[in-house]
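Visitor: Just a sequence and a predicted model for now, questions to come.
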Number of protein chains: 2
Amino acid sequence: MANNKAWALAAHLSGLPTADNFRLVESPAPVPGDGEVLVKNLWLSLDPYMLGRMTQQKSYAKGVEIGEVMTGETIGEVVESKHPGFAPGEKVAAPAGWQLYAAVRGELLTKLDPSARAPLSYYLGCLGMPGRTAYFGLNEVGKPKAGETLVVSAASGAVGSVVGQLGKVAGCRVVGIAGGKEKCDYVTGELGFDVCVDYKAGNLYRDLKEACPKGIDIYFDNVGGETLDIVLRLVNLFSRIIVCGRISGYHATEPYGVKNLGTLIPNRVRMQGILVFDWVDRYAEANKALAGYVAQGKLKTRESIVEGIERAPQGFIDLVKGRNFGKQLVKLV
Amino acid sequence: MANNKAWALAAHLSGLPTADNFRLVESPAPVPGDGEVLVKNLWLSLDPYMLGRMTQQKSYAKGVEIGEVMTGETIGEVVESKHPGFAPGEKVAAPAGWQLYAAVRGELLTKLDPSARAPLSYYLGCLGMPGRTAYFGLNEVGKPKAGETLVVSAASGAVGSVVGQLGKVAGCRVVGIAGGKEKCDYVTGELGFDVCVDYKAGNLYRDLKEACPKGIDIYFDNVGGETLDIVLRLVNLFSRIIVCGRISGYHATEPYGVKNLGTLIPNRVRMQGILVFDWVDRYAEANKALAGYVAQGKLKTRESIVEGIERAPQGFIDLVKGRNFGKQLVKLV
């Protein structure tokens, strides 16, 4: 019987996560019950939303309890199946957590198409939840029109990078916001955004205004806080703000107070919070469209990979601090 | 020739308005040019948005310049017409400003139905712009469903009072927010809201939470600022916030920072700024519906009237300070 290694929550968050919030637990791999599948995880996704799970705040999803394995999406291989829909060797996307092995109910697994040519890890990024979040948020709430100016924060990240590239497909002028010259160069050079503004350069308002001479029609917000407040000074009539993430706020002790909501009335701004689960009935549409763009070379991606389950907490801490570059993953095998 | 009296802007706003911001100017009544109508004003409407016109901030509408007559809607009578569509004696709604007489282009006038039985002043309130703002904001953006909880701030005011009564027609539980026991008693007793919370009582969060045991599905926001921040702590999944006014912010030196936007994502809140002009093509629909509710006794109104053009600035200052009670008007004749 294989050995499992799993990261459990050792302490709820107060401030930024540190190594002390996690505890590595070793045990035999679980035995699947009826209707369950034993999955061997190959890739683990690390995402900002996990910060919310580590707190005791009320949210849309149950938090992780002390001693419980950290939740997370994985790509894995079926080792043993007690569910009629799955057979050993098949590749699946699973909510299997920060660990090497998990027994998961078959209904919660998504089988990956064996004929697909994209790397498996893409199904945690541009072809997975982040890609679908970008797809539905931009198209259903942002409703981009050719010639409009789209601004995307966390532009080199898993969601932002897809948003901007879909914006280019829609004919928008696409302006990214990212931290540091290296990320900005990647956003314009590799991802094809028109401009990328470096928020670490010290004058975001001035630089963003210069990058958006016709103002901002759509803002895809992955960070919240002060960046949102600055964008609000530049929005156009009938602009749309897709509120998708607020990494700037997850770990702030005192929440940032947004001062420029006054613009909502004269500009008739629509601001809407999104969660990708609301479009679960249409995932197949997004999956097909995104895979098509990858195949056509219109949707590129970059991964930030740490190797080995032991390094998962460090990869997560790097992500939270903005040290990662592209979709943050843990390679388990 | 009749004498005109008009209030001109004497100084742009810094802080709250005082008598020193206005100057009374006397002159002969104007002579209408081709296509113009000489209107004798009977009623002048005083509205919070006028604060914005008195500043030098960029907005959707041009501000009033020093020495220019204060802008405002009136109900008046045609005295002389050089426009084929109007004849002396007809009653009109006009953007005729803070004065006794104005020469206005015919295209800018709305003729009042002579067979209507409502008092003329209602066409500045529940049957005028405030009524239409409530109608379109609530129905088009709020989309109320029977059984939902609707919260309305400035509940005894010109817009808020109509919003709440339309909410009752739609089958909502309607909770008002107003300042002081007298206004709250009026909101529940006369207007028929289910509950009214007194924001001056000192614990708005606790009192509002108690008044909304099932949370808040729709918030019609006339005030912005701290009240909005408190409402954000109580909103439900898929709730809607109609951002209509922000009287709390118009005259604040330092804008209030809204801290609870974090709820937008988990609750998928939609927040949208509105201006009634965007539905100008559908005014007739609103006028008809609102007049019907007045006739059926489902839409009641209260007016706060000062008499004489000389008292217009005082009426406006009272309005801004929340001392008025109901739709603020100046009776000119």
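Guide: Done, it's in. Numbering: from 1, shown residues only, chains lettered A, B, ... in the order given.

Visitor: where exactly do the helices run in the stretch 151-300 of chain A?
Guide: Under the criterion DSSP state H, counting those that start in this stretch, the stretch 151-300 of chain A contains helices at A:158-169, A:181-189, A:204-211, A:225-232, A:247-250, A:283-295.

Visitor: For chain B, find the nearest of these.
Guide: Nearest to chain B among the helices of the stretch 151-300 of chain A is helix A:247-250 (5.7 Å), distances taken as Cβ to the nearest Cβ. Where C-beta positions appear, they are placed from N, C-alpha and C, glycine not excepted.

Visitor: Averaged pLDDT, the closest one. What do you get?
Guide: What helix A:247-250 shows for mean pLDDT is 72.

Visitor: which other helices and strands contact that helix?
Guide: For helix A:247-250, the packing partners by 3 or more Cβ pairs under 8 Å, 6 or more residues apart in numbering or on different chains; DSSP states H and E come out as helix A:50-53, helix A:225-232.

Visitor: Same list, the ones you listed, but as CSV with distance to chain B please.
Guide: Rendered in CSV, the data for the helices and strands packed on helix A:247-250 read as follows (distance: least, Cβ to the nearest Cβ, whole Å):
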stretch, distance to chain B
helix A:50-53, 8
helix A:225-232, 8
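
Visitor: Which of the helices of the stretch 151-300 of chain A has the lowest mean pLDDT?
Guide: If you rank those by mean pLDDT, helix A:247-250 sits at the bottom with a mean of 72.

Visitor: Pick the most buried one from the helices of the stretch 151-300 of chain A.
Guide: For the helices of the stretch 151-300 of chain A, the stretch with the most neighbours on average is helix A:158-169, a mean of 27; neighbours defined as mean count of other Cβ atoms under 10 Å in any protein chain shown.

Visitor: Just the residues contacting it, thanks.
Guide: The contact list for helix A:158-169 (Cβ atoms under 8 Å, 6 or more residues apart in numbering or on different chains) reads A:47, A:125-126, A:130-131, A:133-135, A:137-139, A:144, A:150, A:152-155, A:174, A:176, A:178, A:187, A:191-193, A:218, A:220, A:222, A:244-245, A:290, A:293, A:298-302, A:326-328.

Visitor: how about the residue nearest in space to the middle of chain A, what does it touch?
Guide: The structure's chain A has its C-alpha centroid closest to residue A:130; by Cα atoms, centre = their mean the separation is 4.3 Å. Applying Cβ under 8 Å, 6+ apart, we find residue A:130 in contact with A:47, A:124, A:157-159, A:162, A:327.

Visitor: Show me which residues of chain A sit near chain B.
Guide: Within chain A, the positions near chain B by Cβ under 8 Å from any Cβ of the partner chain are A:59-60, A:224, A:228, A:243-246, A:249, A:255-275, A:278.

Visitor: In PyMOL, select just the buried ones from those residues.
Guide: Entered in PyMOL, the line below selects the buried ones among the residues of chain A next to chain B, by 16 or more other Cβ atoms under 10 Å in any protein chain shown:
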select buried, chain A and resi 59+224+228+243+244+245+246+249+255+256+257+258+259+260+261+262+263+264+265+266+267+268+269+270+271+272+273+274+275
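
Visitor: Could you count how many residues lie near residue A:86?
Guide: Residues contacting residue A:86 under the criterion other Cβ atoms under 10 Å in any protein chain shown number 20.

Visitor: Hmm, I typed the wrong one, I wanted residue A:76.
Guide: The local packing count at residue A:76 equals 28, with neighbours defined by other Cβ under 10 Å.

Visitor: That one - nearest residue in space that isn't next to it in sequence?
Guide: If the residues on either side of it in the chain are set aside, residue A:76 comes closest to residue A:39, at 3.9 Å by Cβ to Cβ, 6 or more residues apart in numbering or on different chains.

Visitor: which non-adjacent residue is nearest residue A:108?
Guide: residue A:95 is the one closest to residue A:108 (Cβ to Cβ, 6+ apart), at 5.7 Å.

Visitor: where are the low-confidence patches of chain A?
Guide: In the prediction, chain A carries residues with pLDDT under 70 at positions A:58-60, A:250-252.

Visitor: okay, now the domains of it?
Guide: As given by automatic domain parsing, the domain ranges for chain A are A:3-125+A:303-331, A:129-277.

Visitor: Just name the most buried of the ones you listed.
Guide: Of all the domains of chain A, domain A:129-277 has the most neighbours on average by mean count of other Cβ under 10 Å, namely a mean of 21.

Visitor: distance between it and the chain's centre?
Guide: When C-alpha coordinates are averaged (Cα atoms, centre = their mean, to the nearest Å), domain A:129-277 and its chain have centres 15 Å apart.

Visitor: Next: stretch A:80-97.
Guide: Relative to its parent chain, stretch A:80-97 has a centroid offset of 23 Å by Cα atoms, centre = their mean.

Visitor: Skipping its backbone neighbours, what lies nearest residue A:227 in space?
Guide: Distances taken as Cβ to Cβ, 6+ apart place residue A:153 nearest to residue A:227, at 5.4 Å, with adjacent residues excluded.

Visitor: same question, residue A:1
Guide: Ranked by Cβ to Cβ, 6+ apart and with sequence neighbours excluded, the top spatial neighbour of residue A:1 is residue A:28, at 5.1 Å.

Visitor: wait, what's in contact with that neighbour?
Guide: Counting by Cβ under 8 Å, 6+ apart, residue A:28 touches A:1-4.

Visitor: mind redoing it with 10 Å?
Guide: A:1-4, A:101 (Cβ atoms under 10 Å, 6 or more residues apart in numbering or on different chains).

Visitor: With residue A:123 instead?
Guide: So residue A:123 contacts A:43, A:45, A:73-75, A:91-93, A:110, A:112-113, A:116, A:129, A:131, A:287, A:291 (Cβ under 10 Å, 6+ apart).
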